[in-house]
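Asks: Dropping the sequence and predicted coords here.
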Amino acid sequence: MEEREESYSFYEEDEQQPEGQTGLWKILIVDDDLEVHRATRSSLAEFSFQGRGLLLLFAASAAEARKLLTEHGDTAIILLDVVMEDDLAGLNFAKYVREELKNRFVRILLRTGQPGIAPEKSVIVNYDINGFLEKSDLTMQKLYTAIITCLRSYRDIIDLESANIALKTEFDMRMEAERKMAEQAQQAAIGLAIAQIIHGAKNILNALKGGKYIIESALKDDNLELIRKGWDVTKIGISRMEDLTCGLLDLSRFNRLEIKSHSLNEVIKEILASCRNSQACSGIGDIEIAADMDNSLPEAMFDYKAIHTALMNLICNAVDACKDKEYNEGESGRVTIKTYPGGDGYTYVEVEDNGCGIKPEEMENIFKLFYTTKHSNGNGLGLSITKKIIEEHGGRLDIDSKLGRGTKFTIVLHKDRRHNLKYNTQKENHDG
Ligand SMILES: Nc1ncnc2c1ncn2[C@@H]1O[C@H](COP(=O)(O)OP(=O)(O)OP(=O)(O)O)[C@@H](O)[C@H]1O
Ligand SMILES: [Mg+2]
């Protein structure tokens, strides 16, 4: 058998070797006619492209070609005869290269002496080859031109592939960095949340210890009056612990909503009934809670319990804001819950109070988890829960507050939750 590898390194002066591409262009000549090997070798003896010479690889059969191509995966061109071991050996080899080796880079030039066996039109259509040369008609010039054309497209494909790989590597690295950052941020947020929960629980525990201390001292003296005082302090502590645990539970449980068609007015009626009862019990006395509901309000799609919780939080805050304000003679605290339909399937619910209002500099904090201005009377959970619930519904929570005059929270929901979610995603994309 003849020598299978041969290199030529003649460089043309005017062509520069591009950066990143070095070495010789590899061309695999597959032909069972050794005369063709010899002729190709002498035709290409002086060939170079972009300052790189050729490394010619010779195979006398498709089987030999398979072996050589496996060893030289960076072969740029295959000059391929069709009829070798059998009539279709060359075409089957081309198929093997593309489908089994999955090599879509190497350029395949079919070079046949019997065009009848592999007619150009059907071969180009059915096999992924890149050119067709008839041996009888193949001049040195034609071979040169075909090889330069193929090397150019091979170079461009490889450059593109390298750019793709570089881009993908860069993309993967960024994704990984972002994932790590998000993970760290999440861990930090969890750490902070745990610290805040423990802080809240410790405050409550201190209150409970205070109650315990008062009761223990009172027991020594059989002081029933003091025992009552201690018990009151203890009861407040227990109720705050209940608020904390219920709030934390609300935060975690409204991830999965049970969306059904409900009347918002019905939710509000139920809340009003329970507020009036608790008003009577807890003696918040002269704060009026009124409703102004539009009876034509259509049903909307929402999770009943979640929206009940969200509204309840807003109303409790409104009542607290009224308790925090000193009213002029003849004035008193008032909370109004109003519903009305907007156009295009939107529903609006407003919770408005004439309480203390919110300081402009506090606006950015009020939705933060555990942020409260109520000291031992608040856990800072209500607005975080409410915002989360409304966002899970794809809705919007607007706020308008004037210090000393009152605050209005507006919940905006659409009758179709998917519409809300779509709207918010579009908005985020637009904003972001
Ligand atoms: N209607 C309102 N008027 C004035 N301030 C308000 C109003 N609603 C909320 N705020 C302010 O926002 C803060 C955070 O409210 P949020 O409901 O999250 O917690 P909280 O009411 O303090 O405690 P929790 O709801 O856990 O009992 C409140 O402490 C208060 O300062
Ligand atoms: Mg609250």
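Replies: That came through, no problem. Ligands and ions are numbered 1, 2, ... in the order given.

Asks: How about the residues of the stretch 101-250 of the chain by ligand 1?
Replies: 243, 247 (CB under 6 Å from any ligand atom). Placement of C-beta: from N, CA and C, glycine included.

Asks: in the stretch 101-250 of the chain, which spans are helices?
Replies: Using DSSP state H, counting those that start in this stretch, the helices of the stretch 101-250 of the chain run over residues 120-126, 140-220, 224-253.

Asks: residues of the shortest one that come out buried?
Replies: Using 16 or more other CB atoms under 10 Å as the burial criterion, the residues of helix 120-126 that qualify are residue 123.

Asks: what do you get for stretch 25-38?
Replies: By neighbour count on 16+ other CB under 10 Å, the buried set for stretch 25-38 is 25, 26, 27, 28, 29, 30, 31, 32, 36, 37.

Asks: doesn't residue 72 make contact with the fourth one?
Replies: Yes. With the criterion set as CB atoms under 8 Å, residue 28 and residue 72 qualify as a contacting pair; they are 7.1 Å apart.

Asks: now residue 211, nearest residue through space, not along the chain?
Replies: residue 234 (3.2 Å; CB to CB, 6 or more residues apart in numbering).

Asks: Do I have it right that the one you found meets residue 213?
Replies: No. With contacts counted by CB under 8 Å, residue 234 stays clear of residue 213, the gap being 10.2 Å.

Asks: Please identify which of the two sits among more neighbours.
Replies: A count of neighbours by other CB atoms under 10 Å puts residue 234 above the other of residue 234 and residue 213, at 18 against 12.

Asks: Tell me how far the more buried one lies from ligand 2.
Replies: Going from residue 234 to ligand 2 by CB to the ion, to the nearest Å gives 23 Å.

Asks: how far away is that residue from residue 350?
Replies: Plainly put, residue 234 is 38 Å away from residue 350 if you go by CB to CB, to the nearest Å.

Asks: What of residue 385?
Replies: Going from residue 385 to residue 350 by CB to CB gives 19 Å.

Asks: Pull the contacting residues for the residue nearest to residue 211.
Replies: Residues near residue 234 by CB atoms under 8 Å, 6 or more residues apart in numbering: 208, 211, 212, 215.

Asks: got a winner among those residues for most neighbours?
Replies: Highest count within those by other CB under 10 Å belongs to residue 211, 20 neighbours.

Asks: Just give the closest residue to the residue of the chain found nearest ligand 2, not the sequence neighbours.
Replies: Closest approach between the chain and ligand 2, counting by CB to the ion: residue 382, at 2.7 Å. The shortest distance from residue 382 to any residue other than its chain neighbours is 3.7 Å, reached at residue 313 (CB to CB, 6+ apart).

Asks: right, and the one you found touches residue 387 too?
Replies: No. With contacts counted by CB under 8 Å, residue 313 stays clear of residue 387, the gap being 9.6 Å.

Asks: Look at these two and report which has more neighbours.
Replies: Neighbours per residue, other CB under 10 Å: of residue 313 and residue 387, the larger number sits with residue 313, 22 against 18.
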